[in-house]
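Trainee: fold the following for me, if possible:
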Amino acid sequence: MSAETETEIATEDAADVAPDTATDAEVDDVAAADDVVDDETDETDDETDESDESDESDAPVGETDRVSRLEQEGDIAADYLEELLDIADLDGDLDIDVEADRAAVSIVGAELSQLVGRDGKVLEALQELTRLAVYRETGERSRLMLDVSGYRADKRTRLTQLGAETAAEVAKSGEPVSLDPMSPFERKIVHDAVAAAGLRSESAGVEPRRYVVVLPA
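Mentor: Numbering: from 1, shown residues only. Alright, predicted model coming up:
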């Protein structure tokens with residue numbers, strides 16, 4: 001089964017239990033616009049932090065206003081996800097926070113693996129549906145991050161370690177090392193870990209097979 005087919009199946013699985021948030025036309029319009037912006041934002045996130053600086057320039061001037069806006073996104077997302085959990089007859093607690101200039105919502109529960117799916121594909125689809133729910137309420141594109149049962153947090157820890165270990169290997173050998181293909185979210189974590197180790201890294205290849213190359217100093 002191809003990666004595109006798996007992603008389509010994951011999206012359908014999440015949508016089957018998701019509350020009705022938009023008409024088909026609205027979903028298509030928002031998804032098309034979101035794909036364009038996501039491509040630009042993800043590529044920028046891979047190489048620099050310029051996207052975060054751009055987002056801050058578009059946000060309200062006051063720090064309090066900016067945080068309030070992100071907290072509102074979290075509240076909207078939590079309401080949407082709570083309804084989804086009720087429909088799916090799943091038990092889970094919701095944790096809302098603001099991290100790295102994004103709203104962050106976590107669902108914590110014992111039996112929520114079906115909301116993660118293979119390689120996190122259902123989680124990715126659910127995150128996009130949640131962002132769409134926020135967009136319907138605010139009229140603004142959301143960069144909200146969704147986690148389920150610590151899946152993303154665990155992956156962040158593993159990828160940070162991978163980036164640090166690869167940087168050490170490159171520093172010792174003086175030769176570049178290419179890693180396996182990753183999502184934009186995963187590549188950003190590795191880039192940050194390599195930079196923290198004092199080396200450089202770049203993304204190469206074409207989605208969905210884009211990967212990180214760690215370079216010697």
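
Trainee: please make it C-alpha for all contacts and neighbour counts, starting now.
Mentor: Will do.

Trainee: what about Ser106, which SS state?
Mentor: Secondary structure, DSSP: H, G, I helix; E, B strand; the rest coil: Ser106 is strand.

Trainee: ah, wrong one, I meant Leu94
Mentor: strand.

Trainee: look up which residues are beta-bridged to it.
Mentor: For Leu94, the beta-bridge partners are Ile107 (DSSP bridges).

Trainee: wait, it touches Ala78, no?
Mentor: Yes. Using Cα atoms under 8 Å, Leu94 is in contact with Ala78, at 6.7 Å.

Trainee: what is in contact with the two at once?
Mentor: Both Leu94 and Ala78 are contacted by Val105, under the criterion Cα atoms under 8 Å, 6 or more residues apart in numbering.

Trainee: in terms of neighbours, single out the busier of those two.
Mentor: Comparing Leu94 with Ala78 by neighbour count (other Cα atoms under 10 Å), the higher total belongs to Ala78, at 22 against 17.

Trainee: name the helix or strand for that one, please.
Mentor: Assigned by DSSP states H and E, Ala78 belongs to helix 63-88.

Trainee: identify the residues contacting Glu124.
Mentor: Contacts for Glu124 (Cα under 8 Å, 6+ apart) come out as Val116.

Trainee: report the buried residues of the helix holding Ala78.
Mentor: 66-67, 69-78, 80-82, 84-85 (16 or more other Cα atoms under 10 Å).

Trainee: equivalent analysis for stretch 91-103, please.
Mentor: Neighbour-count burial for stretch 91-103 flags Gly92, Leu94, Ile96, Val98, Arg102, Ala103 (criterion: 16+ other Cα under 10 Å).

Trainee: tell me the mean pLDDT over it?
Mentor: Stretch 91-103 shows a mean pLDDT of 92.

Trainee: if anything else comes up later, I'll come back, but that's it for now.
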